[in-house]
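Engineer: A structural model of the following input is requested.
(chains A and B)
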Amino acid sequence: MDFKLGEKEEALRKEIRKFAQKELPPGSFTLLLEEESRDEDWKLAMSTSKKLAQKGWLVMAWPKEYGGSAVSYWEQMVYGEECGYWGIPGISMGISGVAWVGPSLMQFGNEEQRKKYLPLIASGEPDGVWCTGYSEPNAGSDFANIQTRAIRDGDEYVINGQKVWTSCAHRARWCWLAVRTDPNAPKKHRGISIFIVDMKSPGITVNPLLNYYGAHIFNEVFFDNVRVPASNLVGEENKGWYHLMQSLASERHSFGPSLYGSARRLLEELVDYAKETQYDGKPLCQNPEVRHMLADAAVEAEMLKLFNYQVTWELTQGITPIYGSSRNKAFGDQLLERLGIIGMKLIGAYSQVDPYSKWTKLHGIIQRLYLLFPGISIAAGTDEIEKNVIGQFKLGLPKSY
Amino acid sequence: MDFKLSEDQEMLRSLARDFLTKECPKAKVRELERDEKGYDPQMWERMAELGWLGLVFPENYGGTGATFLDLVLLMEEIGRNILPGPFFSTVVCALPILEYGDEEQKAKFLPQIASGAAIWTLALIETLGGYKASEIKTSARIGDGGYVIEGTKLFIPNATVASHLLVAAQTGEGDKGITMFVVDAHSPGVEVEVIPTIAQDKQCQVTFTKVKVPEGNVLGDVGGGWGIVEFILDRAAILKCAEVSGGCQAVVEMTNAYAKDRVQFDKPIGSFQAIQHRLVDMFVNAEGLQYLVYQAAWEISAGSPSKLHIALVKAKAGEVYQKTCLDAIKIHGATGFTREHDVGLYFRRVKASEFAMGDTDLWRERVAVELGL
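Structural biologist: Numbering: from 1, shown residues only, chains lettered A, B, ... in the order given. So this is what the prediction gives:
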């Protein structure tokens, strides 16, 4: 057993700190899912992606032949932690491309697809931005229920249907799309396939879905006789479900370290705020309830850190962390929720203020987190779905749904 | 970074698990709760033969030279199985002797502990029940070529069977005036009374009336006792949390097995999300606690203990143990509420382990201080 990170990892940490201090505007702190919302946020995200690409960090985990740096799992973890800590935007360009399209293409795409799409993602250019079309009006947690159809027609497939909650579709050049190719399969998850779809194809309509506080993060996407070359099928036809189960583990795993980094930063900001803010003639930090809440959050942050270490260690041992990824995502969500609530309590009446207004405290991070966390906890699998995964795959309990 | 145990550690763990399951089944645990001594001397001898009592001592003191992390792994097994008796109280005194004892003290006391001949306990806290220097009123005055101790200590585990007491007493004022003394438990003036506890774990009130202690029995420096107490607290808290962590694991495992087995509405109750998600939360928290313990223990073993990492664990453990046991009883239904079921054995130990070596509030406040608050 050993609980120390290596010199390489610590050196990387320092380098990222330098990068963040040099490249990010003062007070800038981007939370997960925020970068695709306002045009100015997206501009900053894309210009940062480009710089991350030049540093060799954007797709650092990938092999060199596809534009990566082939770094260790530990370096990837530290990178995730630090990006979360500094709130660096553009680290995954709308998430999909870097976090799972690339890794999935390397797992079950063909060489032609890898050669075409991976360098685009690795370059940090707008042509490397992806969205993911999984959810539909009748297929949320019950993802295998998707109805969007792809029918083979010569060298092409013709796609019809609707996707919903599609984050970043209004920014994306490509869509990583799950469709039904065999409606007669004996079990519904046996008739699913994955396609790469050019978002510029005729027949695609992207309608914004504003979230409950008016931000534009996700969309509904309609496919009306969209023609896609057959060569855009990824992996085997009708095997999409099995391919995706693997890539979902990567997707969830990628959340843990950055959730921890964000949590640690928020905790530090709140500690500083409690020390600097006078309330009723005393610093807020002398209030026993404040000390209690922040200490409890620190304990959970430490648990999340160690959960991430454990999953990363499993990856180094060649183990696919199906259970651990779900655990870390659900645990991280719960921690951010807790920090959001504590933060709002600490800033008191200022918690009502628009995060971008001049009256806001702590650059609006707290309100933004508070408003966003329900969305973060739903994206890529609700807490309930994650707990089902843990119950079934780790505790060996019967299917509960 | 590595989450893997070494081969020796794996061996220690599996030997401990086998030994405890065989030698200390739950029927034995219940018997020892009723037993006056609260431990089994024959089992104690076998534990000495296994090298457990001197686990972290160098070989020249009769030990096996294992690390603090190894000791933590053993405590985890002890907590998982429940082993009544003075193992924890003895180890908690042995560690400061190893660290602060002079050569003569080490040569005298450590081999006796390793061989099983001596049983120790820490006589620290008093009527307020807290771990603060200001709460120590027991005094040690110079007289008769040594010291004379007067005072009352509370919640002292296993004092009825202890041969030695490690006593914190005031030789001056405040936390700079505390000194640690080794006291022969059979000295005239030492009176021990068992406090009936929910855990039936033989915690005692120990009264010192004009108890004479030779000068050579001072451990460390006169007035330097609180530093020793801090040394003990950091390590003992982690050992206690390892015990709690093992207890949580056992409770989660028995509850998971029950949820798969128990059928209602024609289905195992573990297939209902209300049960399954509760179990998942129990499991994840127990696992998190385990890693927190390992991290703090590894750092102590590596010679770089982290005050924050130690405090985090003890601030969390009590809450996790309590929630785990409560939820386990609920999932078991009325069966879990019976005397015959093992889950109650664990639940009855929740408060004892929370208050041993400082409660949640004390350690949470330490976390707050370490955060810079």
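Engineer: which stretches of the chain form strands?
Structural biologist: Unless you meant another one, I'm taking chain A. Taking DSSP state E, the strands of chain A run over residues A:130-133, A:149-153, A:156-163, A:174-180, A:192-198, A:204-210, A:216-229, A:233-234, A:278-279, A:282-283.
Engineer: that's the wrong chain, I wanted chain B
Structural biologist: Using DSSP E, strands in chain B cover B:120-123, B:139-143, B:146-157, B:164-170, B:178-184, B:190-195, B:203-214, B:218-219, B:263-264, B:267-268.
Engineer: What number of residues are in the vicinity of residue 100?
Structural biologist: The chain I'm using is chain A. Per other CB atoms under 10 Å in any protein chain shown, the neighbour tally for A:W100 reads 26. From N, CA and C alone the C-beta is placed, and that goes for glycine too.
Engineer: You answered for a different chain; I wanted chain B.
Structural biologist: 19.
Engineer: And it, what's its pLDDT?
Structural biologist: Turning to B:Y100, the model gives it a pLDDT of 98.
Engineer: Please apply the same query to B:G174.
Structural biologist: On pLDDT, B:G174 comes in at 77.
Engineer: Excluding sequence neighbours, find me the nearest residue to it.
Structural biologist: B:A133 (6.5 Å; CB to CB, 6 or more residues apart in numbering or on different chains).
Engineer: distance between the helix or strand of chain B with the lowest mean pLDDT and the chain's centre?
Structural biologist: When each helix and strand of chain B is scored by mean pLDDT, DSSP states H and E, strand B:139-143 comes last, with a mean of 94. Centre-to-centre, strand B:139-143 and its host chain are 30 Å apart (CA atoms, centre = their mean, to the nearest Å).
Engineer: quick one: buried residues of that strand?
Structural biologist: B:139-140 (16 or more other CB atoms under 10 Å in any protein chain shown).
Engineer: Can you check what angle separates that strand from strand B:203-214?
Structural biologist: Strand B:139-143 and strand B:203-214 are oriented at 20 degrees to each other (axes from the mean of the first three to the mean of the last three CA atoms, to 10 degrees).
Engineer: got the contact list for the residue nearest the centre of chain A?
Structural biologist: Centroid check for chain A by CA atoms, centre = their mean gives A:I95 as the closest residue, at 5.1 Å. Residues in contact with A:I95 (CB atoms under 8 Å, 6 or more residues apart in numbering or on different chains) are A:32-33, A:132, A:167-168.
Engineer: Counting neighbours, which of the residues you listed comes out on top?
Structural biologist: Busiest of the contacts of A:I95 [other CB under 10 Å] is A:T132, holding 27 neighbours.
Engineer: Can you check the pLDDT for it?
Structural biologist: pLDDT for A:T132: 95.
Engineer: pretty sure it is touching A:C175, no?
Structural biologist: Yes: using CB atoms under 8 Å, A:T132 is in contact with A:C175, at 7.3 Å.
Engineer: shared neighbours, those two?
Structural biologist: A:T166.
Engineer: so who does B:D261 touch?
Structural biologist: Counted by CB under 8 Å, 6+ apart, B:D261 has contacts B:P268.
Engineer: can you pull the pLDDT of the closest residue to B:G146 other than its chain neighbours?
Structural biologist: Spatial nearest neighbour of B:G146, chain neighbours left out: B:P214 (4.5 Å); criterion: CB to CB, 6+ apart. Per-residue pLDDT puts B:P214 at 96.
Engineer: How about A:E34?
Structural biologist: Looking at A:E34, its pLDDT stands at 89.
Engineer: Distance of it relative to B:F87?
Structural biologist: Distance, A:E34 to B:F87, by CB to CB, to the nearest Å: 53 Å.
Engineer: returning to that earlier point: and the least confident helix or strand of chain B, what other elements does it pack with?
Structural biologist: strand B:146-157, strand B:164-170 (3 or more CB pairs under 8 Å, 6 or more residues apart in numbering or on different chains; DSSP states H and E).
Engineer: Swap in 10 Å and give it another go.
Structural biologist: strand B:146-157, strand B:164-170, strand B:178-184, strand B:203-214 (3 or more CB pairs under 10 Å, 6 or more residues apart in numbering or on different chains; DSSP states H and E).
Engineer: tilt between the last one and strand B:164-170?
Structural biologist: Regarding strand B:203-214 and strand B:164-170, their directions subtend 80 degrees when assessed with the same axes, to 10 degrees.
Engineer: Can you list the strands that strand B:203-214 pairs with?
Structural biologist: Strand B:203-214 has its sheet partners listed here by DSSP bridges as strand B:146-157 (antiparallel), strand B:190-195 (antiparallel).
Engineer: so what's the closest residue to B:D144 other than its chain neighbours up against?
Structural biologist: Nearest non-adjacent residue to B:D144, counting by CB to CB, 6+ apart: B:K212, 5.9 Å away. By CB atoms under 10 Å, 6 or more residues apart in numbering or on different chains, B:K212 lies in contact with B:143-149, B:183-184, B:187-189.
Engineer: Then B:Q200?
Structural biologist: Contacts of B:Q200 (CB under 10 Å, 6+ apart): B:29-30, B:32-35, B:38, B:84, B:194, B:345, B:348-349, B:352.
Engineer: What score does it have for pLDDT?
Structural biologist: 96.
Engineer: For A:G332, see how far away it is.
Structural biologist: 41 Å.
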